[in-house]
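Chemist: Need coordinates for the following:
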Amino acid sequence: MVDPVVWDIGYLVSAALFILGIKKLSSPKTAPQGNRMGAYGMLLAVLVTMAKMYSEEIIGLELIAGGLAVGTIIGVWMATRVEMTGMPELVALFNGFGGGASALVGLSEVLTRVNPATLDIPTDNVDLYGTWIAIGLSVLIGCLTLTGSLMAMGKLKGGFYIPLTKKDDRGRRKWVNFPTWGPPWLNIVKGGLLVASFVLIWLMIQEPENADYIYALVGVSCLLGIVFVLPIGGADMPVVVSLLNSMSGIAAAFTGFVISNNVLIIAGSMVGAAGLILTFIMCKAMNRTLTAVLFKSFGGGGKETVTRTKVGSDPEEVAMVCDGISKCVIIPGYGMAVSQAQHAVKEFADLLEAQDVEVSYGIHPVAGRMPGHMNVLLAEANVPYEQLIEMDEINSELPECDVALVIGANDTVNPVARSGEGPLGGMPIINADKARVVVIIKRSLSVGYAGVDNDLFFEDKTMMLFGDGKKMMNELNSAFKDL
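Modeler: Got it, this is the predicted structure:
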């Protein structure tokens, strides 16, 4: 039998790697190293756990090898196949996997404890209540995170597609779509399901030998996760992804208490706290409270109808305007991600820098579908980290900027937010309208997620390039080279 101290030392090293990894994630420059350290910490934790279970003869070597092989193959396959535009969906799915794993461990503990052959119920009331509350919360939060994350992934993808029915206009066979649907009474349903979950946990404590309550808790928790995310629209998805990430960590921490696993407690608490902090940062960036995100729709139903028109410019005109400037700020949005235009944007920046133009990138905290989405895309295109400037810092530079190039962004540069009225009222924005010339690449004049018309499109100093982001950037690059 291996000394238990060996396992504790392994878990301690793993926890240290998690802490150092999260610390390095605070900067885009050190984020890749932090991500690797977190991955190494998780690998160590898995290996130590497997070795411990084998040493204590809980599982056999074939299950250990099989589990590692299957998990590794699935992880590598998903990570290598995903495009940068699909990264938010993958993150949401991984959040769900984390919650589901915690729920399964809690469910396994219940089924073990209610088995008459292995019944192990603490006689002390404090131990009894603490154990079963931890089990109940692990199942509740884990199942909620699982179904909520699957719903979030479906919304981000625009629906799930399988080989059934007729192909849509993008050549895929559509199965089901997850629309934003949130009548006022749905909040009452959420509250009722949450109360029912706590009642079921209390009944589990009163009758720990009855497994029916845990099965009911699984069903209620899964339903709660669905109705929790169902009314939340695309603009609030960065907040929801962060919150679900936090909940997956909290579920893991409760699971750690259930099975007395220190690394789960430490890692789960860290993920839970970090995700919650990031959630509040995202809320602040949108000038919305977490309560408003969860219980009130953002924009939605009453979208404005665009009645004004704007004559579009052509790439040659924009190229001539950019010739001879001294400073350019590029402001990316989700449209850049959809069109995969980040490499063309980097090429444009290189062309400007070859003429001694100062180029920087203004990054809004909620640009894209998850926190840091724009940073990831631009890092993929080898944009130097020091050129990625956060919203508060870039706003002070925009009045001296010759050209602000907005690609695929709308609400995050909409000046109406300064009025304090409407869905965008009070939301911090990047002050693109302060630049001397504004170039906006967008498919049309349509409104953004908030459903609010953007006056910046119609200003005299604004030049609109209508079309796909990547196509327009490539044409702009060609026109600039021909000058």
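Chemist: which stretches of the chain aren't confidently modelled?
Modeler: 1, 84-85, 113-128, 158-182, 233-235, 296-307, 450 (pLDDT under 70).
Chemist: How is it partitioned into domains?
Modeler: Domain segmentation of the chain under automatic domain parsing yields 1-81, 84-295, 315-481.
Chemist: Quick one: these as JSON lines, columns for distance to Thr309 too.
Modeler: Glycine gets a C-beta too; all of them are placed from N, C-alpha and C. Output for these, formatted as JSON lines (distance: least, CB to CB, whole Å):
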{"stretch": "domain 1-81", "distance to Thr309": "39"}
{"stretch": "domain 84-295", "distance to Thr309": "26"}
{"stretch": "domain 315-481", "distance to Thr309": "8"}
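Chemist: Adding distance to Arg308 and mean neighbour count, write those domains out as CSV.
Modeler: Converted to CSV, the domains of the chain look like this (distance: least, CB to CB, whole Å; neighbours: other CB atoms under 10 Å):
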stretch, distance to Arg308, mean neighbour count
domain 1-81, 38, 14
domain 84-295, 23, 19
domain 315-481, 6, 20
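Chemist: Skip the chain neighbours and tell me the closest residue to Leu111.
Modeler: Ala211 (6.5 Å; CB to CB, 6 or more residues apart in numbering).
Chemist: The one you found against Thr112, yeah?
Modeler: No - contact between Ala211 and Thr112 fails when scored by CB atoms under 8 Å: they sit 10.6 Å apart.
Chemist: Look up how far Leu290 lies from Met464.
Modeler: 36 Å (CB to CB, to the nearest Å).
Chemist: Likewise for Ile325?
Modeler: 42 Å.
Chemist: Please, where are all the helices along the stretch 201-350 of the chain?
Modeler: For the stretch 201-350 of the chain, applying DSSP state H, counting those that start in this stretch gives helices covering 212-229, 237-259, 262-286, 290-295, 315-322, 334-339, 342-353.
Chemist: so which of those helices gets nearest Pro384?
Modeler: helix 342-353 (9.6 Å; CB to CB).
Chemist: Need the residues that contact that closest one.
Modeler: Helix 342-353 is contacted from outside by 84, 322, 325, 328, 330, 332, 336, 359, 377-378, 380-383, 387, 405, 407, 469-470, 473-474, 476-477, 480-481, using CB atoms under 8 Å, 6 or more residues apart in numbering.
Chemist: so it versus helix 315-322, what angle?
Modeler: Helix 342-353 and helix 315-322 meet at an angle of 40 degrees, taking axes from the mean of the first three to the mean of the last three CA atoms, to 10 degrees as the criterion.
Chemist: Give the next helix or strand downstream of helix 342-353.
Modeler: Sequence-wise, the next helix or strand downstream of helix 342-353 (DSSP states H and E) is strand 358-363.
Chemist: ok, that next one: who's next to it in the sheet?
Modeler: In the sheet, strand 358-363 lines up against strand 327-332 (parallel), strand 388-390 (parallel) (DSSP bridges).
Chemist: rewinding a little: can you list phi and psi of the residue nearest to Leu111 for me?
Modeler: phi -80, psi -10 (degrees, to the nearest 10).
Chemist: and the gap between it and Gly362?
Modeler: 55 Å.
Chemist: Please apply the same query to Pro423.
Modeler: 22 Å.
Chemist: I'd say Pro423 and Gly451 touch.
Modeler: Yes - judged on CB under 8 Å, Pro423 makes contact with Gly451 at a distance of 6.5 Å.
Chemist: quick one: secondary structure of the residue nearest to Ser221 when sequence neighbours are not counted?
Modeler: Leaving out its chain neighbours, the residue that sits closest to Ser221 by CB to CB, 6+ apart is Cys143, at 3.6 Å. Of the three states, Cys143 takes helix under DSSP: H, G, I helix; E, B strand; the rest coil.
Chemist: Make 663 the starting number, not 1.
Modeler: I'll keep to 663 as the first residue from here, and by that count the last item is Cys805.
Chemist: Verify the stated contact: Cys805 with Val880.
Modeler: Yes - counting by CB under 8 Å, a contact exists between Cys805 and Val880, whose distance comes to 5.5 Å.
Chemist: Report the contact partners of the closest residue to Leu1060 other than its chain neighbours.
Modeler: Nearest residue to Leu1060, sequence neighbours excluded (CB to CB, 6+ apart): Lys1096, at 4.3 Å. Contact analysis of Lys1096 by CB under 8 Å, 6+ apart lists Asn1057, Leu1060, Pro1061, Cys1063, Ala1066.
Chemist: what ranges do the helices span in the stretch 713-862 of the chain?
Modeler: All helices of the stretch 713-862 of the chain, identified by DSSP H, counting those that start in this stretch, fall at 723-743, 749-775, 787-819, 848-868.
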